[in-house]
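Participant: sharing a model that was predicted from the sequence below.
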Amino acid sequence: MKPARRFLRYSQVDLNDHSGLLGAPIPYGGVRGGDQNVWTVGINWYPNNALRFALDCPWIDVTPLDFNGANAGQNLNTLALRSQFSLYVRLTPGTTRIDRTACRRLGLRARVARA
């Protein structure tokens, strides 16, 4: 069993596109989306090589601008729990190409075992 991995992540996105000058009308095709800042705290736990559990808690701050350029932002906090299962097929060195093709068609990752 592997220990859990903790992480802290920060991301920032500028949601404006051809927004024009503040206080002026938005130009044709322009967007005043504002800014988005996200802080995420999470933990990933791998009980074995094929199974993963992830718990993420992001704090999201969106600050869009209204028509006058004033802040009309919102805050959002979420909690997400995810699980992931990965299936690997171990092939022996004498495995035929047909077996490998069948694994690919099923969407399985085939690994050849070293002798």
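Facilitator: Structure's in. What do you need? Computed from a predicted structure; not experimentally measured.
Participant: okay, buried residues for the top strand by length along the chain please.
Facilitator: If you go by DSSP state E, the chain has its longest strand at strand 31-48. For strand 31-48, burial by neighbour count (16 or more other CB atoms under 10 Å) applies to R32, G34, D35, Q36, T40, G42, N44, W45, Y46. Where C-beta positions appear, they are placed from N, C-alpha and C, glycine not excepted.
Participant: what residues does the third one make contact with?
Facilitator: Under the criterion of CB atoms under 8 Å, 6 or more residues apart in numbering, the contact partners of D35 comprise Q12, V13, D14, L15, N16, V62, T63.
Participant: run a quick neighbour tally on the nearest residue to G34 once chain neighbours are set aside.
Facilitator: Nearest residue to G34 in three dimensions, chain neighbours excluded: P64, at 3.6 Å (CB to CB, 6 or more residues apart in numbering). For P64, the neighbour count with other CB atoms under 10 Å is 16.
Participant: before I go, just wanted to say thanks for your time.
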